[in-house]
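starting from these lines, generate the structure:
(chains A, B and C)
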Amino acid sequence: MNQEIKNKIANWLLNPDNPIDNKEELPNKLKKEGLENIFNEIELPLVDVLRSMEELGIKINKNEVKKLLTKYNKELKVLEKKIYKEAGEEFNINSPQQLSKILFEKLDIEPRGRATKSGLHSTRAEKLQELKEEHSIINLIIKYRESFKIKSTYLEPLFKLGDRVHTTFLQTSTATGRLSSQNPNLQNIPSVVKKVFIASSGYELVSLDYSQIELRILAGLSNDPKMLKAFKADQDIHRLTASQVFDIPLDKVTSEERNMAKTLNFGIVYGMGAVAFARSSGLSRKEARHFIEEYFSDFKKIKKWQEEVKERARKNGYVENLNGRKRWLPAITSTNKFLSSEAERAAINMPIQSLAADIIKLAMIKVHQQYKNDDVRLLLSIHDELLFEIKSDKVNSVVKKITQIMESVYNFPVHLKVDVSVGKNWADL
DNA sequence: AGGAATAGCCC
DNA sequence: GTACGGGCTATTCCTA
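Coordinates of the predicted model:
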């Protein structure tokens, strides 16, 4: 294999901030840092898998792209006209600067909160959402932005490409070991655009995704008894959290309460604070703080695990996952509170996110070596999901085997459950 | 031409 | 007064 690629990966694993030119030194360095296994068993075998995925590409229905493009163009024209009429003049809706002046100066809409450092008020969708009742132009702007995004970022670039779309996977671009995808990025396709991605004729598109993998990893790493028990019984984890935090029986949890618990569960993985939880749940800050405290008193081991991770990060200057993958976080001892807190949140998340990344990479490698014929094509990897094209008459048997591979590829105390869906296009899945 | 700022899509 | 982890891309606008 190309030495350049090896060096790049080695440096990425070691410490991306201080790359080493001397390639004779790298193998010893890897060994010394405990990264030999990840290098040899994960990253190097993955290179060929990624190359194969990139070469295969994924089929798109160009007619469907064209149809959507026409639809969105028409819609945008109508919205544009209505917006100009409401504003009383024509302006560039895509310019936050001009839009801000129209909304908050000309139309005299009262902004919530303070201006940004440029002196103008933000026009982010999240802020506009709060001003919906103030003026009928707001909803039009929100819709315009959504449609323009779909058209300019997804539909137009796709239309310029061939019948099969070939992304480039970046193996060394993330701090946690995840893959990224560029040119085009096929890891952030909106649900409305997914329907243009289709199976080759004679094949089905099949998606296999790890169910709640990050929360399962959190349960396993923290050894929290309630969470472990819930996953063992294959319970609805968000329902359990709601029942614990709001102190109500499992069968009395409303969908609203379950949603809040879901936000809380994900927020915990990301190190979310009370302010962010309040904002995303609609609770007051006081209530939000109360429920976060409640969460940590119900799941005591999670709090303990997080504190241990932060402590180790401060001591070592890096965090690592179960496989020894490292992330350096020098800012964690900064006297700047913002910087140290930011590093703490990254520290808490890294052992979880990076282990999930390792697991799906191992699964990709194993599946790829299992299927050398053309009946099974691994097309995309989207963090916790693998997207395949599988010969129609082979789907049932193959899916069983791949599920088995994905669920057993990594030995972990919590069952890693895989969900499957099959269809003719990506939106069906 | 290139980068910062702003915005928004995904897991 | 305020701070949710990890990515990529498009547009505007300012600076060199």
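
ok, the top helix by length along chain A near DNA strand C or not?
Counting by DSSP state H, the longest helix found in chain A is helix A:337-370. Yes. Residues of helix A:337-370 contacting DNA strand C under CB under 7 Å from any atom of the strand: A:337, A:338, A:341, A:342, A:345, A:346, A:349, A:353. Every C-beta, even on glycine, is put in place using the N, C-alpha and C of the backbone.

so which elements touch the next helix or strand after that helix?
Proceeding N to C from helix A:337-370, the next assigned helix or strand is strand A:376-381, under DSSP states H and E. If contacts are counted by 3 or more CB pairs under 8 Å, 6 or more residues apart in numbering; DSSP states H and E, strand A:376-381 sits against helix A:44-56, helix A:337-370, strand A:385-391.

what angle separates the second one from strand A:385-391?
So the one you mean is helix A:337-370. Between helix A:337-370 and strand A:385-391, the angle comes out at 20 degrees (axes from the mean of the first three to the mean of the last three CA atoms, to 10 degrees).

pull out the buried positions in helix A:337-370.
With burial defined by 16 or more other CB atoms under 10 Å, the residues of helix A:337-370 counted as buried are A:340, A:342-344, A:346-368.

next, the angle helix A:44-56 makes with that helix.
Interaxial angle, helix A:337-370 versus helix A:44-56 (the same axes, to 10 degrees): 80 degrees.

now helix A:337-370: mean pLDDT?
For helix A:337-370, mean pLDDT is 97.

list the residues that contact the spatially most central residue of chain A.
By CA atoms, centre = their mean, chain A has its centre lying nearest to residue A:383, at 6.5 Å. Counting by CB atoms under 8 Å, 6 or more residues apart in numbering, residue A:383 makes contact with A:178, A:179, A:187, A:356, A:357, A:360.

enumerate the positions of the lowest-mean-pLDDT helix or strand in chain A that are buried.
Lowest by mean pLDDT, DSSP states H and E among the helices and strands of chain A is helix A:274-281, with a mean of 91. Of the residues in helix A:274-281, A:274, A:277, A:278, A:280, A:281 count as buried by neighbour count, 16+ other CB under 10 Å.

what is that helix packed up against?
Other elements packing on helix A:274-281 under the criterion 3+ CB pairs under 8 Å, 6+ apart are helix A:255-270, helix A:285-298.

briefly note if the first one comes near DNA strand C.
Yes. In this structure, helix A:255-270 sits against DNA strand C according to CB under 7 Å from any atom of the strand; the contacting residues are A:263, A:266, A:267, A:270.

how much space between the second one and residue A:337?
Using CB to CB, to the nearest Å, one obtains 24 Å as the distance from residue A:266 to residue A:337.

out of the buried residues of helix A:274-281, the closest to DNA strand C would be?
residue A:280 (4.1 Å; CB to the nearest atom of the strand).

so where do the strands sit in chain A?
Assigned by DSSP state E, chain A shows strands spanning A:58-60, A:164-165, A:168-170, A:180-182, A:197-198, A:203-210, A:318-320, A:326-328, A:376-381, A:385-391, A:418-423.

picking up where we left off before, just the residues of helix A:337-370 next to DNA strand C that are near DNA strand B?
Counting by CB under 7 Å from any atom of the strand, nothing from the residues of helix A:337-370 next to DNA strand C sits close to DNA strand B.

the residue of chain A most remote from its centre: what's it in contact with?
What lies farthest from the middle of chain A is residue A:88; by CA atoms, centre = their mean that is 40.6 Å. Residue A:88 makes contact with residue A:106, according to CB under 8 Å, 6+ apart.

might you list the low-confidence residue ranges for the stretch 1-150 of chain A?
Judged against pLDDT under 70, the stretch 1-150 of chain A has no low-scoring part.

how about the residues of it near DNA strand C?
Near DNA strand C, when you scan the stretch 1-150 of chain A using CB under 7 Å from any atom of the strand, you find A:92, A:94, A:95, A:97, A:98, A:113, A:114.
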